[in-house]
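*Asks:* Below is the structure, and that's it, no one-letter string:
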């Protein structure tokens, strides 16, 4: 039995003073009662939270989750862990399908070897909209190819947690239905779809929007008549969750506040969408065939026409929500713990009885000091787990 004490235990959207007890990797109690335990940790004055869950990240610390090795996947996940992310979905960009498959295989092999939790791969493509490609390489974008996705899911479906696709290219929702039938989250993203396309997607099992406002369609007009886009669909349909890149760059603070005001804290998940260069001093280069530069705290296409991804880690997302948007730390943390866990349908993201004992400790500046995964204490040193 381990016992963690603090006057700032994050429970829901509030702070609680007392103790968290964990045994055999699970939280057994959160209470004010002081009981004996085998291991005791006193974090009075610091925040104790469920571990962060990042639904969307391409790497960090110089390690990529695509065009890399199993060891790179492990190192990238462990780098994120040092910034509070105890559970992660390594994300794969659009590429040649064999290349994407190889990345899935590497993530599959890395599961169980990281110090944190790989909950499965997230494929962001190649079934996207060329009109909303963003930093995705348009050469590899294609409508759903049944033979490809069925063979991949049949072989490695248990290691795929999520797939981002453009609903307007999914005839009768066939691809979406196949995903949800195999317990894979279908997420609409890099899409130029209209509300009619989203209706089919929702009916087929889609319940998430990939990085809202980043490569998602809005209202259009044809011969005077307006049609809702994916952004408006997200607001109209209460069953849809949305994720937002909360680095303070992709979305300005006022837009973040508007999204949360409309959707509510129960339906918004914070993501990093971080690139392999997150946490490094790299300022320019080529990733997946795309030239980039890093300036103003964000990665951009070299011609500065669009962002190419973030260089944030999860702790920065909380800093943005608190310092720039004015939310309390518990409310911000909820959208990086409890909400992603609900999307994934896992017993994580809450300090409550029966939930996994993935626990982090941080100060007022959201500097991570201590990490527990499955109730086991991990040592932090120079932003690396040792």
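*Replies:* Ah, there it is. For clarity, every value in this text was computed on a predicted model and none was experimentally measured.

*Asks:* C-alpha only now, for contacts and for neighbours.
*Replies:* Noted.

*Asks:* How many neighbouring residues does residue 45 have?
*Replies:* Neighbouring residues of residue 45 were enumerated by other Cα atoms under 10 Å; the total is 14.

*Asks:* the domain parsing of this protein - what is it?
*Replies:* Here the domain assignment for the chain is 2-47+368-385, 51-345, based on automatic domain parsing.

*Asks:* would TSV of the ones you listed with distance to residue 358 and mean pLDDT be doable?
*Replies:* Shown next, in TSV, are the domains of the chain (distance: least, Cα to Cα, whole Å; pLDDT from 0 to 100):
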stretch	distance to residue 358	mean pLDDT
domain 2-47+368-385	4	93
domain 51-345	5	96
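
*Asks:* Kindly compare burial across those and name the winner.
*Replies:* Among the domains of the chain, domain 51-345 has the highest mean neighbour count (mean count of other Cα atoms under 10 Å), at a mean of 21.

*Asks:* and the end-to-end length of that domain?
*Replies:* With Cα to Cα, to the nearest Å as the measure, domain 51-345 spans 15 Å from end to end.

*Asks:* again with stretch 286-305
*Replies:* Criterion Cα to Cα; first-to-last residue distance in stretch 286-305 is 16 Å.

*Asks:* and what of stretch 27-47?
*Replies:* Stretch 27-47 stretches 17 Å from its first residue to its last (Cα to Cα).

*Asks:* quick revisit: closest one to residue 356 among the domains of the chain?
*Replies:* The closest of those to residue 356 is domain 2-47+368-385. By Cα to Cα, the value is 4.6 Å.

*Asks:* Please state the backbone phi and psi of the residue of the chain most remote from its centre?
*Replies:* Distance from the centre of the chain peaks at residue 223, with 38.8 Å (Cα atoms, centre = their mean). With angles defined as degrees, to the nearest 10, residue 223 sits at phi 50, psi 40.

*Asks:* can you give me the helices for the stretch 201-350 of the chain?
*Replies:* For the stretch 201-350 of the chain, the helices defined by DSSP state H, counting those that start in this stretch cover 230-236, 253-263, 314-319, 329-334, 338-344.

*Asks:* isn't residue 251 right up against residue 243?
*Replies:* No - assessed by Cα atoms under 8 Å, residue 251 is found out of contact with residue 243, at 11.6 Å.

*Asks:* Run through the residues that contact the residue lying closest to residue 14 once chain neighbours are set aside.
*Replies:* The shortest distance from residue 14 to any non-neighbouring residue, by Cα to Cα, 6 or more residues apart in numbering, is to residue 330 (5.8 Å). Neighbouring residues of residue 330 by Cα atoms under 8 Å, 6 or more residues apart in numbering: 10-15.

*Asks:* How about residue 231?
*Replies:* 212-213, 216-218.

*Asks:* Give me the subset of those that lies in strands.
*Replies:* Of those, none are assigned to strands by DSSP state E.

*Asks:* could those residues go into a markdown table alongside distance to residue 104?
*Replies:* A markdown table is the format used below for the contacts of residue 231 (distance: Cα to Cα, whole Å):
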| residue | distance to residue 104 |
| --- | --- |
| 212 | 25 |
| 213 | 27 |
| 216 | 25 |
| 217 | 28 |
| 218 | 32 |
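
*Asks:* ok, of those, which one's closest to residue 295?
*Replies:* Comparing the contacts of residue 231 against residue 295 with Cα to Cα places residue 213 closest, at 20.7 Å.

*Asks:* Got the phi and psi for that closest one?
*Replies:* According to degrees, to the nearest 10, residue 213 has phi 80, psi -10.

*Asks:* Likewise for residue 148?
*Replies:* Backbone geometry at residue 148, expressed as degrees, to the nearest 10, gives phi -70, psi -50.

*Asks:* What of the one 10 residues further on?
*Replies:* Here is the backbone geometry of residue 158 (degrees, to the nearest 10): phi -70, psi -20.
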